[in-house]
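K.L.:
Predicted model follows, preceded by the sequence.
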Amino acid sequence: MLAQLTGSMAAVIAVGLALSPAAAGPALLFDAADGRVLYAEDADNQWHPASLTKVMTAYLTFEAIKQGKLTLETKIACSEIASLQGPTKLGLAPGNSITVETALQALIIKSANDVAVMLAEAVAGSHAAFVAQMNATAARLGMTRTRFANANGLPAPEQITTARDLGRLSAAVVRDFPEYAHMWAMLDAKVGKRHLRSHNGLLTNYAGADGLKTGFICDSGFNVVASATRDGRKMIAVVLGEATGGERSARAANLLEHGFQTYEWKALFTPPTLETMPMAEDAKGPVTIRQLVRSFVCGTGGRRRAVAKTRKKGQGVSEQQKAPAKKGARKASVPAASQQ
């Protein structure tokens, strides 16, 4: 028994060393069923959520369906406001309509900013009313350091959240709406003649990956809430502020692997939960990492492009990288202001 425990401790220490931070943004890893926190790094520091905002937009849409306000077959129209949203977007002309089901697919897979506003208007009557509903729901879910300003996550200085708050939201959407779990795991979908493909590389590169959402704006860097399920246990990792999409995927994969490998051992010590983990006394406000992000959209592509091209040869997720590791990551393609 002692030999087994010693071996387990050595494995945990080895993985723990692999998770040590190196100029990385906030991160969080927890068990979706009980909220037990297995890894936390600056989890209460405020950050711009980018398109992780759309997890809340989807949550409120699911609630509206449950309440009978909408159905998956309900047609929703594209308003002038929705059509004016920045990329990425579906690009519908004002007056065109799609079903709520198609809208949810475009929201989650394509991360369509125009569709987020369409859903907001359908759920609450106006975008402004929906934002108020988002903030009320955030308060109800205990997201105490979160403030929403729009439904899609496009740049807004006042739109802020934390890794812990995103963990609370993600746990809620998984818990309250399991019937929509397949949407978070979809790799692609067709909308008319358009073929939408997921920005979440983990869905094809990490065993058991089944969601949830990616996000990017220049000030936030590359974010993800990543979930994976193995042997009936679901882990959720929140990663904020990576410099490329590949680094985002690599760090999330290593956090998830850390969880699956060490859960049984860590459970012996009764780790804190999302609710009982002490709030950091030195929790910081939002920052911008624009100058660290490798993206032509952010004006930081230039001489770093060659580095990104080299990394493309190592496509896929290496589980042996450090959680915030910078090697072997896949180059992110960023065609627009909120590429996901």
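P.N.:
Done, it's in.

K.L.:
which stretches of the stretch 1-150 of the chain have low pLDDT?
P.N.:
Confidence mapping of the stretch 1-150 of the chain against pLDDT under 70 gives the ranges 1-23.

K.L.:
Spell out the residue ranges of the helices in it.
P.N.:
Ranges of helices within the stretch 1-150 of the chain are 2-18, 53-66, 80-83, 100-105, 113-124, 127-140, based on DSSP state H, counting those that start in this stretch.

K.L.:
what's the most buried one of these?
P.N.:
helix 113-124 (a mean of 26; mean count of other CB atoms under 10 Å). Any C-beta I mention is one placed from the backbone N, CA and C, and that applies to glycine too.

K.L.:
rewinding a little: make TSV out of the helices of the stretch 1-150 of the chain and add distance to Asn152.
P.N.:
Output for those, formatted as TSV (distance: least, CB to CB, whole Å):
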stretch	distance to Asn152
helix 2-18	35
helix 53-66	6
helix 80-83	10
helix 100-105	12
helix 113-124	4
helix 127-140	10
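
K.L.:
quick one: which of the ones you listed is nearest Gln159?
P.N.:
With CB to CB, the closest approach to Gln159 among those belongs to helix 53-66: 6.9 Å.

K.L.:
And the contacts of that closest one?
P.N.:
70-72, 100, 103-104, 107-108, 111, 116, 119-120, 122-124, 130, 133-134, 137-138, 148, 150-153, 159, 166, 169-170, 172-173, 176-177, 180, 183, 212-213, 215, 225 (CB atoms under 8 Å, 6 or more residues apart in numbering).

K.L.:
from the chain's centre, how far out does it sit?
P.N.:
15 Å (CA atoms, centre = their mean, to the nearest Å).

K.L.:
what does stretch 214-234 give?
P.N.:
That offset, for stretch 214-234, works out to 4 Å (CA atoms, centre = their mean).

K.L.:
now stretch 33-41
P.N.:
Relative to its chain's centre, stretch 33-41 lies at 16 Å (CA atoms, centre = their mean).

K.L.:
Flag every buried residue along it.
P.N.:
Within stretch 33-41, the residues scored as buried using 16 or more other CB atoms under 10 Å are Gly35, Arg36, Val37, Leu38, Tyr39, Ala40, Glu41.

K.L.:
what's the span of that stretch from first residue to last?
P.N.:
21 Å (CA to CA, to the nearest Å).

K.L.:
for stretch 24-40, same thing?
P.N.:
This stretch, stretch 24-40, spans 12 Å end to end (CA to CA).

K.L.:
hey, where'd the strands end up in this structure?
P.N.:
27-31, 37-41, 75-77, 97-99, 188-191, 194-197, 209-217, 221-230, 233-242 (DSSP state E).

K.L.:
contact partners of the first one?
P.N.:
Strand 27-31 is contacted from outside by 21, 36-43, 163-164, 166-167, 171, 233-240, 251, 255-256, 258-259, 263, 273-274, 323-324, using CB under 8 Å, 6+ apart.
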